[in-house]
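K.L.:
Kindly generate the corresponding structure for this input.
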Amino acid sequence: MDIVSVSTYAMDVMMNVDRLPGEDGFAVVTNNTYLPGGSGTNVMVQASRLGASTGFMGLLGSDTLGDDIIKSLKAEGMDTSRVLRKEGGISLHTDIVVDSEGKKFILLNMGDSFLAYDPKDVDKDYISNAKVYYTDLLPYGAALEGLKAAKEAGLKTGFNMQVDLYTMNGFGASKDDVLGSLKYVDLFAPCRSGLYQICGTEDLDECLGYVRKHFKGTLLVTLGSKGAVAFDENDRRYECAARNVKAVDTTGAGDSFMGAMLYTYLLGGMELGKAMEFATVCSAITCQGLGARSTPTKAQVEAVLSQAF
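P.N.:
Numbering: from 1, shown residues only. Alright, predicted model coming up:
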């Protein structure tokens, strides 16, 4: 196995309505669409499409949403043999209510399974037989257990903190928890808002100085339309501009970038700058499709890279 993960999963339940209801209002659902998502599984799907053998670990409910999440991962060639099910449980999902003008609101339904994944149920032998371990540190206890096991077994490790610190706190992971985990991490890729909250500044050089008190690996920060910046273990700075494309939907662009970094940089040992360029192309292709799973194959990325920038 190339890459294994304990991280977030979800099913997005898209509900089209005739109009968004106000307080005490009423709306008619005209169509339901089920779209597999979740940042953690999106990252792993991108790595799979690039050619990595992948495996996902976690606890899902015994509901049909859980069935569909597993089917979607298997369809990508991902091993789900270490995915556990909670009898009578409800899988994490989002209800996205959208009107005819594209206006929407989103309800996160945590269910009762995702956060119930017990650290003792993490299969350390399964992890030790892989080459790379990926996590977004959620659910915290199980994800950290997997991270420790991975580092002890000599794996390369990546941690993508894909939500801000307040959201991490809501999931049970404090600032100290995040910083304490970094001693097990080779590639740390926090979202900008989360990094700024942790460090108390929006100056990237100052952020690097703060993070270096806890972390010795590669720091990677995506900057949306401004591209990405990274600092390797020797504090060499790498910058990569974003590709100029007509974006249809930016959902999952950051997940695509991270999945590509797992494949090229951590698994393949590609030079950091070249890995970032490859990941930028993945992200750009993803933005040109609808949904977080509009991620490209390796052949699609290489076709773009063979053309002039």
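K.L.:
Quick one: mean pLDDT over the host helix or strand of I69.
P.N.:
According to DSSP states H and E, I69 maps onto helix 64-75. For helix 64-75, mean pLDDT rounds to 96.
K.L.:
Please list all residues in contact with K148.
P.N.:
Counting by C-beta atoms under 8 Å, 6 or more residues apart in numbering, K148 makes contact with Y184. In this view, the C-beta of every residue, glycine as well, is placed from N, C-alpha and C.
K.L.:
Give me the sheet partners of the worst-scoring helix or strand of the chain on mean pLDDT and which way each runs.
P.N.:
Ranked by mean pLDDT, DSSP states H and E, the weakest helix or strand in the chain is strand 104-109, scoring a mean of 86. According to DSSP bridges, strand 104-109 has the following sheet partners: strand 93-98 (antiparallel).
K.L.:
Now do the partner strand against helix 64-75, angle only.
P.N.:
100 degrees (axes from the mean of the first three to the mean of the last three C-alpha atoms, to 10 degrees).
K.L.:
that older thread, mind exporting the least confident helix or strand of the chain as PDB, just the C-alpha atoms?
P.N.:
Extracted in PDB, the C-alpha atoms of strand 104-109 (Å, rounded to 0.1, in the frame of the first residue of the first chain):
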ATOM      1  CA  LYS A 104     -27.900  28.200  -0.500                       C
ATOM      2  CA  PHE A 105     -27.300  27.300   3.100                       C
ATOM      3  CA  ILE A 106     -25.400  24.300   4.400                       C
ATOM      4  CA  LEU A 107     -26.200  22.100   7.400                       C
ATOM      5  CA  LEU A 108     -23.400  19.900   8.800                       C
ATOM      6  CA  ASN A 109     -24.900  16.700  10.300                       C
END
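K.L.:
next helix or strand past it?
P.N.:
Later in the chain than strand 104-109, the nearest helix or strand by DSSP H and E is helix 124-128.
K.L.:
Does whatever helix or strand comes next after that following helix pack against any helices or strands, and if so which?
P.N.:
Sequence order places strand 132-135 as the next helix or strand after helix 124-128, per DSSP H and E. Counting contacts by 3 or more C-beta pairs under 8 Å, 6 or more residues apart in numbering; DSSP states H and E, strand 132-135 is packed against strand 3-6, helix 39-50, helix 140-152, strand 156-159.
K.L.:
Can you redo these as TSV, where the extra columns are mean pLDDT and distance to G194?
P.N.:
TSV is the format used below for the helices and strands packed on strand 132-135 (pLDDT from 0 to 100; distance: least, C-beta to C-beta, whole Å):
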stretch	mean pLDDT	distance to G194
strand 3-6	98	19
helix 39-50	96	13
helix 140-152	98	14
strand 156-159	98	11
